[in-house]
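**Q** Need a 3D model of the following:
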Amino acid sequence: MTSSSNKTDAEQLHLRDLARLRRVRDRIDREYAQPLDVEALAFGVHMSAGHLSRQFKLAYGEAPYSYLMTRRIERAMALLRRGDLSVTEVCFEVGCSSLGTFSTRFTELVGMSPSAYKRDAAQQTEGMPSCVAKQVTRPIRNREAPAAQSHLD
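**A** This is a model prediction of the structure:
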């Protein structure tokens with residue numbers, strides 16, 4: 001084989017991996033409320049869990065589980081803004097099985113507890129179309145925000 005042939009093979013492998021990663025991301029987006037774990041996601045695209053995690057993080061900037069939790073928290077924010085469900089009901093509605101883990105992760109991503117968000121969110125987004133409210137209230141990783149901001153200074 002020539003080096004150009006190897007490069008073509010490597011490019012094809014990379015493109016195939018990207019297509020698999022998109023399938024995993026799409027599955028998470030669709031099935032966020034279902035019990036999902038990295039092993040099951042990897043099995044579904046014929047990859048090892050370790051390889052999937054590394055490649056997913058390279059492609060999307062966060063590990064598959066982290067991406068899943070971000071999707072769940074985004075959906076939880078929308079349900080809490082609606083105001084007709086309790087925090088516990090929202091937790092289970094978005095696929096979390098532990099209220100403690102849900103509350104901790106929500107607080108990390110949003111910067112306030114789910115209860116505080118529910119109390120304050122309706123006032124903050126009153127009168128906004130839901131598509132605008134979703135954009136404005138999109139969770140930002142609090143731990144990563146200072147690093148991202150320092151690059152903008």
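
**Q** what's the longest helix seen in the chain packed up against?
**A** Scanning the chain for the longest helix, with DSSP state H as the assignment, gives helix 3-31. Contact analysis of helix 3-31 by 3 or more Cβ pairs under 8 Å, 6 or more residues apart in numbering; DSSP states H and E lists helix 38-44, helix 49-60, helix 64-82 as its packing neighbours. Bear in mind the C-beta positions are built from the backbone N, C-alpha and C, glycine included.

**Q** what about stretch 92-104, how long is it end to end?
**A** Distances were taken as Cα to Cα, to the nearest Å; on that basis the terminal residues of stretch 92-104 are 15 Å apart.

**Q** tell me which residues of stretch 14-28 are tucked away?
**A** Applying a neighbour-count criterion of 16 or more other Cβ atoms under 10 Å, the buried positions in stretch 14-28 are Asp17, Arg20, Leu21, Val24, Arg25, Arg27, Ile28.

**Q** possible to save these as CSV with distance to Asp120 and pLDDT?
**A** CSV is the format used below for these (distance: Cβ to Cβ, whole Å; pLDDT from 0 to 100):
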residue, distance to Asp120, pLDDT
Asp17, 42, 88
Arg20, 40, 94
Leu21, 36, 95
Val24, 34, 96
Arg25, 31, 97
Arg27, 33, 96
Ile28, 28, 96
